[in-house]
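# after the sequence you'll find the predicted model.
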Amino acid sequence: MAPSSRNGTGKGKKRARSRSRKKTEDASLDESDLNHAQQQDLELSDTQRDEIQKAFDLFDTKENGLISCNEIKYAIESMGLGLNKDELNYWLALLQRQKSNSNSRGGTKKRSAKRRAEDSVLLLDVEQMVDINFFTRIAASKLKEVEKSKLAFRLLDTDGKGFITTADLRRAANELSEENITDDDLQEMIDEVDSKGHGIVNQDDFFRLTRKLNL
């Protein structure tokens, strides 16, 4: 009986250590996401900060320094950017995790089963409020997307035409040793995102493509 008890205890300790490691890994991932989000606004120019503030103020109708999560999408769109449902949910999850971490550090050791379940699924409340700091992180990440897309566009549009052709894609494909791609394949790629039907891709089309592909 004793050996069986020791084995059971040993297995229990292993499971406890495994759960502890898993919990630590999850916390690390959450903290990494939060730290990344908090650093997004450090690379903004004064012009960009002003643009973000104006978009925020447009929806801060009560002038209390807060807007609802439901208004984030429209504030981002007022800057000429886009925020899809998955992206909004990502930021709302970060916000809720941030609040959850803050409550944990406040010394609340015991939580009800219902509270633990709510934390685990990260219930997203679009009516909760965010301040300019959190909104700035979101806007900064979207501005960074635009900058990356513009850089990639310039790398393809080497002669500065303002649009991308099959010849540009052919050159890029050859540089990447993708010679098996035919010109018809390249043209089909262009046609999929060519909003005006001119057989070329302008910068706006290219940005939509990079967003669609999450590049």
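Happy to help now that I have it.
# pLDDT weak spots in this structure?
1-42, 101-127, 211-215 (pLDDT under 70).
# can you map out the strands along it?
For the chain, applying DSSP state E gives strands covering 67-68, 129-130, 163-164, 201-202.
# what comes into contact with the third one?
Spelled out, it's strand 163-164. 153, 156-157, 190, 198, 200-203, 206 (Cβ atoms under 8 Å, 6 or more residues apart in numbering). The way it works is simple: take the backbone N, C-alpha and C, and place the C-beta from them, glycine included.
# which one (most neighbours) among those residues?
Val201 (28 neighbours; other Cβ atoms under 10 Å).
# nearest to Arg97, of the strands of the chain?
Taking Cβ to Cβ, strand 129-130 is the member of these nearest to Arg97, at 13.8 Å.
# partners of that closest one, with directions?
Sheet pairing of strand 129-130 (DSSP bridges) gives strand 67-68 (antiparallel).
# who touches Arg171 in this structure?
Contacts of Arg171 by Cβ under 8 Å, 6+ apart are Thr158.
# hmm, back to that, any chance of JSON lines for the strands of the chain, columns distance to Tyr90?
Below are the strands of the chain laid out as JSON lines (distance: least, Cβ to Cβ, whole Å):
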{"stretch": "strand 67-68", "distance to Tyr90": "17"}
{"stretch": "strand 129-130", "distance to Tyr90": "14"}
{"stretch": "strand 163-164", "distance to Tyr90": "29"}
{"stretch": "strand 201-202", "distance to Tyr90": "27"}
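# could you check how far Met189 is from Lys85?
Distance of Met189 to Lys85, computed by Cβ to Cβ, to the nearest Å: 26 Å.
# try Met79
18 Å.
# looking at the two, which has the bigger crowd around it?
Between Met79 and Lys85, counted using other Cβ under 10 Å, the more crowded position is Met79 (19 against 8).
# for that one, which non-adjacent residue is closest in space?
Ala55 (4.9 Å; Cβ to Cβ, 6 or more residues apart in numbering).
# count of neighbours near the one you found?
Around Ala55 there are 23 residues (other Cβ under 10 Å).
# I'd assumed Tyr74 was in contact with it.
No: between Ala55 and Tyr74 there is no contact under Cβ atoms under 8 Å: 9.1 Å.
# quick one on the thing from earlier: of the strands of the chain, which approaches Asp183 most closely?
strand 163-164 (14.1 Å).
# neighbouring strands - and their directions - for that closest one?
Short version: by DSSP bridges, strand 163-164 pairs with strand 201-202 (antiparallel).
# what are the contacting residues of the strand it pairs with?
Under Cβ under 8 Å, 6+ apart, the answer for strand 201-202 is 162-164, 190, 193-196, 209.
# by neighbour count, which of these wins?
Ile164 (23 neighbours).
# what's the closest non-adjacent residue to it?
Val201 is the one closest to Ile164 (Cβ to Cβ, 6+ apart), at 4.3 Å.
# tell me the spacing between that neighbour and Asp184.
Distance from Val201 to Asp184, by Cβ to Cβ: 16 Å.
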